[in-house]
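Engineer: mind looking at a prediction? Sequence and model below.
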Amino acid sequence: MSFSPDIQAFCCHYTSQQSCSQDGGGLLEDGFPSTVTINRLPCSGKLQVSALLAALENGADGVYVVGCPKDTCHNVLGSQRAAKKVLAVKKALVELGVEPERIEMFHLQRGLHPEFITAAQTMDKTIRTLGPSPFKGESK
Amino acid sequence: MIIANRKPVAEIVAMVKDFSRVLVLGCRGCVSVCSAGGEREVELLASLLRLGCQKEGKKLNTITATLVRQCDKEYIDTLDDWDGQYDAIVSMACGVGVNFIANLRPMTRIYPGVNTTCMGGSMEQGQWIEQCAGCGDCVLHLTAGLCPVARCAKSLMNGPCGGSVGGRCEIHTNTPCIWQSIHDRLDRLGRKNELSDIAPIRDWRTSGHGGPRTTLRDDLTI
Ligand code: SF4
Ligand code: SF4
């Protein structure tokens, strides 16, 4: 059975503004995987660990965060804070015996650029290799 | 304040795996300041427990709540608000909170969500270090305000053991030798001569041997 993952991307408005402003249409033509849903944020630093966990609870097979490069974050430390939160979820996943690669942080330049698409493709590939989220087991 | 750390999630999942409804109960006291068991941590733990059970193919329903304190009878009484809605409580308060619920709710299943470690202070954001061991017979007036009971690896009372190197403790080399610090501080304060006084043999009975220590304030009891 072919597996089409559900991947939730949390993207800082500044990093992804041009990508998002195209309504995703142009993105798909450029190779952005249709398995990735973009959730736009005012700043990646605004993310709470609970929101990342909620994405997994709601059935995401993978989650990733895109924020500004570490030293040029539009909101100074926002993307570094986000990276810490991604790390916290990675640790929690390890504690639960789940692959930490199901969540990643990417630090990318602002605007429309190939790396934004590459990041999504990387996640798509990783999650396809890992298979469906173990949190989706049927309730007994 | 009291310092605590969340227990490994798998440990807590194992405690609650046979229940379908769990109340995850935080405390707004010390554990919220040291980011172990306040409102935010309660939400996170609830989510992690649900995920942990989901992974085992079980469904866990959680209620989350945070009491003002779990070490006061009055606040424990508010537990009644959730009567009949849960099968077990995971308390994220320090051990005192867990004990209090066990004391006051004989039929309630109560499990600890954190490991309570020590009484400490916040050195910088995200780092807490033990400062006092609650020995019940404070000597800080003799030691320039720095505690050898809690902060000397050997709880020595009459100066350093002789093992410190470069002002660091020989047991944990990243920790200052507290006796070196006491010496330096007394020196700065012009009180170095006090170091030649021999501390009397300590009476350790105040430090917890022989059951729970009790404080009774006649002026406050009714
Ligand atoms: S001497 Fe005892 S009461 Fe005083 S700070 Fe040290 S452990 Fe605490
Ligand atoms: S080096 Fe200092 S702090 Fe460490 S055990 Fe010896 S006296 Fe105590």
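Structural biologist: Structure received. Ligands and ions are numbered 1, 2, ... in the order given.

Engineer: could you pull out the helices in chain A for me?
Structural biologist: A:13-21, A:25-29, A:49-57, A:78-95, A:114-130 (DSSP state H).

Engineer: look up phi and psi at residue 132.
Structural biologist: As the question left the chain open, I've gone with chain A. Dihedral angles of A:Pro132 (phi, psi; degrees, to the nearest 10) stand at phi -60, psi 150.

Engineer: try chain B instead
Structural biologist: According to degrees, to the nearest 10, B:Cys132 has phi -140, psi 140.

Engineer: near it, how many other residues are there?
Structural biologist: B:Cys132 is flanked by 15 other residues according to other Cβ atoms under 10 Å in any protein chain shown. All C-beta spots, glycine's among them, are computed from the backbone N, C-alpha and C.

Engineer: next: B:Val68.
Structural biologist: 11.

Engineer: I'd like the distance between it and B:Gly84.
Structural biologist: 23 Å (Cβ to Cβ, to the nearest Å).

Engineer: any low-confidence regions in the chain?
Structural biologist: Using chain A here. Along chain A, segments meeting pLDDT under 70 span A:1, A:15-25, A:112, A:138-140.

Engineer: repeat for chain B
Structural biologist: If you take pLDDT under 70 as the line, chain B has no such spans.

Engineer: which parts of it sit against ligand 1?
Structural biologist: Applying Cβ under 6 Å from any ligand atom, we find that chain B lies next to ligand 1 at B:132-135, B:138-140, B:147, B:149-150.

Engineer: now the helices of chain A as a markdown table including distance to ligand 2 and mean neighbour count?
Structural biologist: A markdown table is the format used below for the helices of chain A (distance: least, Cβ to the nearest ligand atom, whole Å; neighbours: other Cβ atoms under 10 Å in any protein chain shown):
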| stretch | distance to ligand 2 | mean neighbour count |
| --- | --- | --- |
| helix A:13-21 | 49 | 19 |
| helix A:25-29 | 60 | 13 |
| helix A:49-57 | 37 | 21 |
| helix A:78-95 | 31 | 20 |
| helix A:114-130 | 47 | 18 |
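
Engineer: so which of these is nearest B:Ser32?
Structural biologist: Among these, the nearest to B:Ser32 by Cβ to Cβ is helix A:49-57 (15.5 Å).

Engineer: just the helices in chain B please.
Structural biologist: B:9-16, B:30-33, B:39-55, B:73-76, B:95-104, B:148-151, B:178-188.

Engineer: tell me which other helices or strands the last one touches.
Structural biologist: Other elements packing on helix B:178-188 under the criterion 3 or more Cβ pairs under 8 Å, 6 or more residues apart in numbering or on different chains; DSSP states H and E are helix B:148-151.

Engineer: for B:Ser181, state which of the residues of chain B next to ligand 1 is nearest.
Structural biologist: Nearest to B:Ser181 among those, with distances taken as Cβ to Cβ, is B:Cys147, at 10.4 Å.

Engineer: hmm, the closest one is touching B:Asp137, no?
Structural biologist: No. Judged on Cβ atoms under 8 Å, B:Cys147 makes no contact with B:Asp137 at a distance of 11.7 Å.

Engineer: and these two? Which one has more around it.
Structural biologist: Just comparing B:Cys147 and B:Asp137: by other Cβ under 10 Å the higher neighbour count belongs to B:Cys147, 19 against 11.

Engineer: now do the contacts for the residue nearest to that one when sequence neighbours are not counted.
Structural biologist: Sequence neighbours aside, B:Cys132 is the residue nearest to B:Cys147 in space, at 5.6 Å (criterion: Cβ to Cβ, 6 or more residues apart in numbering or on different chains). The contact partners of B:Cys132, by Cβ atoms under 8 Å, 6 or more residues apart in numbering or on different chains, come to B:119, B:147, B:149-150.

Engineer: and those, which two are furthest apart?
Structural biologist: Spatial extent of these (Cβ to Cβ) is set by the pair B:Met119 and B:Val149 at 11.5 Å.

Engineer: and those two? Which one has more around it.
Structural biologist: B:Val149 (22 against 16).

Engineer: picking up where we left off before, among the helices of chain B, which comes closest to A:Leu93?
Structural biologist: Counting by Cβ to Cβ, A:Leu93 lies closest to helix B:39-55 out of the helices of chain B; the figure is 8.7 Å.
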